[in-house]
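Chemist: only geometry, no sequence info:
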């Protein structure tokens, strides 16, 4: 078995497409954003990726059937002027090892090159370690021209941030893509890093949509955000109660 | 040395066989079940599998001779109407790494395909984290048709269970097999997950036997179950005594 | 670079040689024994083994020059009747991973086969977790015939020991060698497992020498044993003193 | 993707060059020294190395653009009599695994051989676990001749130091280079091992410069050293204050 198995199920009919990646990571921001984009654009699944560097795992779906963990590629054909064809990547996991990460990204880039991709967007979260009311979007890009263009769309560029660079597929697609003369932007939604963050995913998508001349409904993402707000509230309640209880216990002991 | 070395010792004479896998895992349910099936059916060992992804280890047998850790394949030829030929897999270990798991399962599937296998049963345990008096059998399958058929045999399908999917060979055989158009079912015996569980293995086998039109004696498995009951009782006694003792100690201190 | 690089520096002139392996492990028994055998027999270094699975490390020798960590092969030509030619293996490390262990042993076995080796002795330690005054030698072998022969030389075979089997090169040479129709014995010197144990190495060698019709002086090994006795005594003294001190402190506090 | 990708951007015009390596490690001594040498000599970047054994990571530069983590090779052409052409290596990371370390060093050595390199200098730090006012430079070499020559330049050679040998690229270049008949010296600047140590890097460079007949300005390195002195002073202050505070707290409690 090859390290990475890329099965093209159906040749995508795309011309000069832009690539968008969103895989699991900090706050699951990238994956949430990419999945929402795929759903709203009704993009077509055309290839799936299996890898020895994913966990040896199947998921069990609601109907009792199994699904081997994978990554998948989708395409979207431009519907109106100003839009561009898109190829989108999302999935269950990133490669487990450094080796696998390089291998998977490299293999996908080879395929993208075949389809004429020259521009990449990678989506992710930027963990702040504190709750964020209104998440901003931090950026990084392969050229100063792209940095300027992104600034005009409201993307923030802060010196020395992110301090540890960008680790994983979102960084690697830009890094290895640049070696193939591709241009790319990473959009990182600010997030606490503690919980799945649909609000941050929306912030990222709002900027991406401006750049891609795409209009999306954010209803389902807003529903998820409200759900997460409830979860966060429950956690805070639990914490407060456990605080009170331990307070009582202390009084009792005292 | 290849990653996985599959040595066929003897060509199995099988026609349209069904594959049954049971390797070490939660409660050792899968391995216990597969070994019992192999013993009772007097299945013939015909191939052994060594892998760089197994531990570099030999076992020392009772007579002082060594045995390199391995997995082995057995075959069984249908004895009466309604039965089917079988190929069975069990062994000492699963692959240690994600890479090895994929590699081993993939190599075995290639061999199975050569022998005309289209249907897979994988056996395992489903850890509940609490003692189980009468273990049920949870299922997952490659198609909704198979889900229905298994339900009729008493297999339970519960939405969102197992929550973490199926990790290891039992999941991977179904997942990678499906990519080769094989159909498959995973039967997971409920078990505490704390102890080796022959009762759970029997529950799994009772369902499997119905499906395969095979009749087994469960005497030796029931003996093992009684032995494990004694072990469990001893553990409970030990716990109770240590509880009493620490109680005494507390009184003494008090 | 290949996974394992085996450089033959000089073709060994051997006929039907017996192979002896002693690499680092429990109590360093195997390595001590193999090195002593090589020194006393004035065996000739004829091949060195480098591997990506050894640490990326050089040692600095007393004269300031470096030496890349390796394993090395030596040969000895029979000097008198009853003796056999020998090929011996020792070195700085065993492979760091399961993969490397299999790869290295497999590559060495291929070379041994070329030189006509059919019999293997692997040397190691058997950790008891307590001090051993007079270490016995535990055995395991590839055939019941060899078990019998070794018993006559004083090797002990105890059912269910070692419980965890034999892990590492000493086990793997027998296990993978058996697949190549080689016969082999593993000799394990009892040892505490806490300290380097020249006494245990001597016990192993005394049996090996009987089997190989070789006579060795054990002077240098006995010197090392006395040195280790001093180290052990110092450790006991330290422990006793620290015990007394804490006793005093307790009295002081009391 | 290959394990190690070595992209030569521009053929270096060098004759009989000496190789100098300085990668991240203890006190970052090697990397600091190599980078200073490259800056001061205005050496020309001519090749870059990417590897699946580096982290899957890009850095974000001050202008918002990204840079895939790498190692890079530079060359310097001799400017005056007594000097030699140089090839220099530095970078962001060493290989993450033993495998990768061997692979990367081996691949670079193959390239160096093509360019006619026969002599190697590897630079690193030697961690003492205590602050060092005036760092000495410890050495190791591939021959006793080189040891003698280095002693005359002030390099110290102490028996049994470093006790654990030299781990990583600095050791491996000498070890694997020696197998290719290259001669080499490792220069290790004494350092605490706690902080980045420009003073130690300067000590290493002063010796290297004598050997290479190169004159460098150390201004920028001395600036970094003063900066690190301030950092060290701040740490000591913090420690003292926290000591006082806890003292106060103790008095307060008391």
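Modeler: That came through fine. For clarity, every value in this text was computed on a predicted model and none was experimentally measured. Numbers count the residues shown, from 1 in each chain, chains lettered A, B, ... in the order given.
Chemist: which residue is nearest the middle of chain A?
Modeler: When C-alpha atoms, centre = their mean is applied to chain A, the residue found nearest the centroid is residue A:30 (1.4 Å).
Chemist: wait, what's in contact with that residue?
Modeler: A:21, A:22, A:23, A:24, A:122, A:123, A:124, A:125, A:170, A:201, A:204 (C-beta atoms under 8 Å, 6 or more residues apart in numbering or on different chains). Placement of C-beta: from N, CA and C, glycine included.
Chemist: what do you get if the cut-off is 6 Å, keeping everything else the same?
Modeler: A:22, A:23, A:123, A:124 (C-beta atoms under 6 Å, 6 or more residues apart in numbering or on different chains).
Chemist: Retrieve the pLDDT associated with it.
Modeler: Predicted confidence (pLDDT) for residue A:30: 98.
Chemist: So it lies in a helix, does it not?
Modeler: Yes - with the criterion set as DSSP: H, G, I helix; E, B strand; the rest coil, the secondary structure at residue A:30 is a helix.
Chemist: Ignoring the adjacent residues along the chain, who's closest to whichever residue of the stretch 101-250 of chain A sits closest to chain D?
Modeler: Across the stretch 101-250 of chain A, no residue is closer to chain D than residue A:175, which sits at 3.1 Å (C-beta to the nearest C-beta). Leaving aside its chain neighbours, residue A:175 sits nearest to residue D:68 (3.1 Å; criterion: C-beta to C-beta, 6 or more residues apart in numbering or on different chains).
Chemist: Provide the backbone phi and psi angles at the one you found.
Modeler: For residue D:68, the backbone dihedrals (degrees, to the nearest 10) come out as phi -70, psi 140.
Chemist: ok so residue A:7 is a strand residue?
Modeler: Yes - judged by three-state DSSP, residue A:7 forms part of a strand.
Chemist: List the contacts of it.
Modeler: Counted by C-beta under 6 Å, 6+ apart, residue A:7 has contacts residue A:48.
Chemist: what do you get if the cut-off is 8 Å, keeping everything else the same?
Modeler: Applying C-beta under 8 Å, 6+ apart to residue A:7 gives the contacts A:47, A:48, A:49, A:50, B:179.
Chemist: Show me which of these is closest to chain C.
Modeler: Of all the contacts of residue A:7, the one with the least separation from chain C (C-beta to the nearest C-beta) is residue A:50, at 21.6 Å.
Chemist: Figure out the helix or strand that that closest one lives in.
Modeler: Assessed by DSSP states H and E, residue A:50 sits inside strand A:44-51.
Chemist: Between the two ends of stretch A:73-85, how far is it?
Modeler: Its start and end residues considered, stretch A:73-85 measures 13 Å (C-alpha to C-alpha, to the nearest Å).
Chemist: What lies in contact with it?
Modeler: Taking C-beta under 8 Å, 6+ apart as the rule, stretch A:73-85 contacts A:12-18, A:38, A:41-49, A:86-90, A:108, A:111, A:212-214.
Chemist: among these, which ones are buried?
Modeler: A:12, A:14, A:17-18, A:38, A:41, A:43-44, A:46-49, A:86-90, A:108, A:111, A:212, A:214 (16 or more other C-beta atoms under 10 Å in any protein chain shown).
Chemist: Please flag which of those residues sit within strands.
Modeler: In this view, these that belong to strands under DSSP state E are A:18, A:44, A:46, A:47, A:48, A:49, A:86, A:87, A:88, A:89, A:90.
Chemist: As TSV, those residues with distance to chain C would be great.
Modeler: What follows is these, written out as TSV (distance: C-beta to the nearest C-beta, whole Å):
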residue	distance to chain C
A:18	40
A:44	40
A:46	36
A:47	31
A:48	28
A:49	24
A:86	41
A:87	36
A:88	36
A:89	30
A:90	32
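Chemist: Residue A:3 reaches residue A:51, doesn't it?
Modeler: Yes - Residue A:3 lies in contact with residue A:51 (C-beta atoms under 8 Å); the separation is 6.6 Å.
Chemist: And the pLDDT for residue A:141?
Modeler: 98.
Chemist: And it, how far from residue A:85?
Modeler: 21 Å (C-beta to C-beta, to the nearest Å).
Chemist: In terms of neighbours, single out the busier of these two.
Modeler: Neighbours per residue (other C-beta atoms under 10 Å in any protein chain shown) separate residue A:141 from residue A:85, with residue A:141 holding more: 28 against 18.
Chemist: got the contact list for that one?
Modeler: A:147, A:150, A:174, A:183, A:184, A:185, A:186, D:64, D:65, D:66.
Chemist: ok, what's across the strand from it?
Modeler: As for beta bridges, residue A:141 partners with residue A:185, residue D:65 under DSSP bridges.
Chemist: Poorly predicted segments of chain A, please.
Modeler: A:243-254 (pLDDT under 70).
Chemist: May I have the phi/psi pair for the residue in the stretch 101-250 of chain A that chain B sits nearest to?
Modeler: Using C-beta to the nearest C-beta, the closest approach of the stretch 101-250 of chain A to chain B is made by residue A:103 at 11.1 Å. Main-chain torsions, residue A:103, degrees, to the nearest 10: phi -60, psi -50.
Chemist: so it touches residue A:54, yeah?
Modeler: No - checked against C-beta under 8 Å, the pair residue A:103 and residue A:54 is beyond contact range at 11.4 Å.
Chemist: circling back to that earlier point, rebuild the contacts of residue A:30 as JSON lines, extending it with distance to chain C, neighbour count and secondary structure.
Modeler: Shown next, in JSON lines, are those (distance: C-beta to the nearest C-beta, whole Å; neighbours: other C-beta atoms under 10 Å in any protein chain shown; DSSP: H, G, I helix; E, B strand; the rest coil):
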{"residue": "A:22", "distance to chain C": "34", "neighbour count": "31", "secondary structure": "strand"}
{"residue": "A:23", "distance to chain C": "28", "neighbour count": "24", "secondary structure": "coil"}
{"residue": "A:123", "distance to chain C": "35", "neighbour count": "31", "secondary structure": "strand"}
{"residue": "A:124", "distance to chain C": "32", "neighbour count": "33", "secondary structure": "strand"}
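Chemist: what's near enough to touch residue A:174?
Modeler: Residue A:174 touches A:120, A:122, A:140, A:141, A:142, A:166, A:184, A:185, A:186, D:58, D:66, D:68, counting by C-beta under 8 Å, 6+ apart.
Chemist: Tell me if it really is in a helix.
Modeler: Yes - the assignment for residue A:174 (three-state DSSP) places it in a helix.
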